[in-house]
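Peer 1: structure, please.
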Amino acid sequence: MKNKETVRFILDRLKKNGFQAYIVGGAVRDIMLQRTPDDFDILTNASIKQIHSFFSDQKIKKVGKAFPICLVNGVEISSGRTKFDISNFPESDLAKRDFTINAMAYDPKAKTIIDPFNGRKDLEDSIIRFTKEPEKRIKEDPVRMIRACRFVAMIEGSFSLSSLDVIFDCKDLLDTGVAKERIHHEIMKALGLEKPSLFFTALKKTGLLEKIFPSLDRCYDLDGGPHHGETVFDHSMMVGDALPPGLPVLRLAGFLHDTGKFDAAKIHEGKLTFIDHENYTRAVVHDLTKLRFSARDIAYIESLIKTHMRPLTDQTTPKAARRLLAMLDKYGLDYRDFMRMRIADKKGNLAKRPYLLSEIRVRLKKLLDEIAGLSALKINHLEITGNDIIRILGVTPGPDVGRIKQRLFEKVLDDPGLNNYDDLKKLCLSLKIKN
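Peer 2: Predicted coordinates:
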């Protein structure tokens, strides 16, 4: 049963049993925005027990303890009977929702919308406004402040003045009693938007960015230096937006890739420099760890940051291309993600023009030619093993064997033709003599 058919089926059965039922929340908002809803939530004045009885012949599951709901064929149904004033249903339920744009109910059969808080008007004006008592809504769930920023970005709008003021006043509520996993969840959802930079800008405007990503917040007014025509923060926003929505962790790396510039900033010969900034990753790793990002995602983001300054130009030699590929392998990175970051980094620099498609093709070809022709992109692709080295040199197992193997790998990167047992054996013996 498809989603829309399931929704109609549920609404019809509830009404046939004498109860009111509406589509509510985000689905109504999306319909108003002429977007296809990702999912549907249904609100009814039937009790959870009655819902369970009406749909006992369907795939049904009761979830939640404090506020139980029923999932019928994957569609969420909540009851207003036990939680709110049923004499004023569904307005009593809608009053408890976070924002006016999410506090509408829709009856698709009657084509009627219940909109007690002018959510439709706020949507038309692109305004995010808390429903009724803003401070109370936030204290019920402080993560709503971050959701407000995400919705501002989603509708490319702004906050009502009252909402902006109350978020700024309540921002310290994020410091205690909020599961970091929920903040992480909101960040990942925001990264799928068309322009996540609007989310980060909204976080900055409300004072929340310093609570979530202090490493990025401190770059807000940081001069981009003589090679940029924008601040470090603005550059980061453009880079993140330029990366694919379908690759959210890569996109986050784009927003965070220059956070090390704050620590690396120095005045050298009268000019602002950020030498070695790609290696100043401690602050951003601390932020990501605190937000419960996985070790894998943190390592991936840190690797993208550490490699984003590695040059790849139309003058790059085959040897340099091989060394670049070996470095990417060391960091566990795909060359395509490296290229995506390089392209976005250039696009986000107002002092330079973006890469032309022909320039991207030249750079990609340099990498692809080496990938196709190189037999030892990885150290373990060498035609000689650690045991071979021990036998050839008559040494005992230990760190020296690994160091010799690494030196052999460096030689092969310079000249792939050396990757055969006989040549590597000769190189082994020469390295032993030099040592």
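Peer 1: contacts and neighbour counts: CA atoms only from here.
Peer 2: Will do.
Peer 1: neighbours of the closest residue to Ala105 other than its chain neighbours, how many?
Peer 2: Leaving aside its chain neighbours, Ala105 sits nearest to Val24 (4.5 Å; criterion: CA to CA, 6 or more residues apart in numbering). Other residues near Val24 number 25, with proximity taken as other CA atoms under 10 Å.
Peer 1: hmm, Val24 is touching Tyr106, no?
Peer 2: Yes. The criterion here is CA atoms under 8 Å, and Val24 meets it with Tyr106 at 6.3 Å.
Peer 1: now Val152: how far from Asp122?
Peer 2: Separation of Val152 from Asp122 (CA to CA, to the nearest Å) stands at 11 Å.
Peer 1: common neighbours of these two, please.
Peer 2: Contact criterion CA atoms under 8 Å, 6 or more residues apart in numbering; residues bridging Val152 and Asp122 by contacting each: Ile128.
Peer 1: quick one, phi psi at Pro245?
Peer 2: Per-residue torsions, Pro245: phi -60, psi -30 (degrees, to the nearest 10).
Peer 1: same deal with the one 10 residues further on?
Peer 2: Comment: the main-chain dihedrals of Phe255 come out as phi -70, psi -20, following degrees, to the nearest 10.
Peer 1: so where's this protein shaky on pLDDT?
Peer 2: Within the chain, the ranges that satisfy pLDDT under 70 run 1-2, 66, 81-86, 374-377, 432-435.
Peer 1: again, 80 this time
Peer 2: 1-3, 64-67, 80-87, 177, 373-382, 412-417, 431-435 (pLDDT under 80).
Peer 1: got the buried residues for stretch 90-106?
Peer 2: By 16 or more other CA atoms under 10 Å, the buried positions in stretch 90-106 come out as 90-106.
Peer 1: out of those, name the ones that lie in strands.
Peer 2: Per DSSP state E, strands hold the following members of the buried residues of stretch 90-106: Ala105, Tyr106.
Peer 1: can you flag which of the buried residues of stretch 90-106 belong to helices?
Peer 2: Judged by DSSP state H, the buried residues of stretch 90-106 include Glu91, Ser92, Asp93, Leu94 as members of helices.
Peer 1: from those, which is closest to Leu304?
Peer 2: Proximity of those to Leu304 (CA to CA) peaks at Leu94, which lies at 44.1 Å.
Peer 1: hmm, Ala103 and that closest one touching each other?
Peer 2: Yes. Leu94 is in contact with Ala103 according to CA under 8 Å; the separation is 4.9 Å.
Peer 1: one step back: got the contact list for the residue nearest to Ala105?
Peer 2: So Val24 contacts Phe40, Asp41, Ile42, Leu43, Asn102, Ala103, Met104, Ala105, Tyr106 (CA under 8 Å, 6+ apart).
Peer 1: and which of those residues is nearest Phe200?
Peer 2: Minimum distance to Phe200 across the contacts of Val24 is 21.6 Å, recorded for Asn102 (CA to CA).
Peer 1: surely the closest one meets Gly119?
Peer 2: Yes. Using CA under 8 Å, Asn102 is in contact with Gly119, at 7.1 Å.
Peer 1: just send the ones in helices among the buried residues of stretch 90-106 back as JSON lines, with distance to Ile360 too.
Peer 2: Below are these laid out as JSON lines (distance: CA to CA, whole Å):
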{"residue": "Glu91", "distance to Ile360": "56"}
{"residue": "Ser92", "distance to Ile360": "57"}
{"residue": "Asp93", "distance to Ile360": "54"}
{"residue": "Leu94", "distance to Ile360": "52"}
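Peer 1: now do the helices in the stretch 51-200 of the chain.
Peer 2: If DSSP state H, counting those that start in this stretch is used as the criterion, the helices of the stretch 51-200 of the chain fall at 91-94, 119-124, 134-140, 144-154, 161-170, 180-190, 197-206.
Peer 1: and Val152 and Asp122? which has more neighbours close in?
Peer 2: Between Val152 and Asp122, counting by other CA under 10 Å, Val152 is the more crowded of the two (21 against 17).
Peer 1: burial measure for Leu11, as a count.
Peer 2: Leu11 sits with 23 neighbouring residues when counted by other CA under 10 Å.
Peer 1: hmm, it is touching Tyr22, no?
Peer 2: Yes. If you go by CA under 8 Å, Leu11 and Tyr22 touch, sitting 7.1 Å apart.
Peer 1: what sits in contact with each of those two?
Peer 2: Counting by CA under 8 Å, 6+ apart, the residues touching both Leu11 and Tyr22 are Ile42.
Peer 1: do you know how far Ala242 is from Asp345?
Peer 2: For Ala242, the distance to Asp345 equals 8 Å [CA to CA].
Peer 1: now do Lys96
Peer 2: For Lys96, the distance to Asp345 (CA to CA) stands at 43 Å.
Peer 1: repeat that for Val24.
Peer 2: To Asp345, Val24 is 41 Å away according to CA to CA.
Peer 1: list the contacts of Ile389.
Peer 2: With contact set as CA under 8 Å, 6+ apart, Ile389 has these partners: Val395, Val401, Lys405, Lys425, Cys428.
Peer 1: what about 10 Å?
Peer 2: Neighbouring residues of Ile389 by CA atoms under 10 Å, 6 or more residues apart in numbering: Val395, Thr396, Pro397, Val401, Gly402, Ile404, Lys405, Leu424, Lys425, Cys428, Leu429.
Peer 1: residues in contact with the fourth one?
Peer 2: Residues in contact with Val401 (CA under 10 Å, 6+ apart) are Thr385, Gly386, Asn387, Asp388, Ile389, Ile390, Leu393, Val395, Arg407.
Peer 1: what's the burial count for the second one?
Peer 2: For Gly386, the number of neighbouring residues by other CA under 10 Å comes to 16.
Peer 1: which residue is the nearest non-sequential neighbour of it?
Peer 2: Val401 (6.4 Å).
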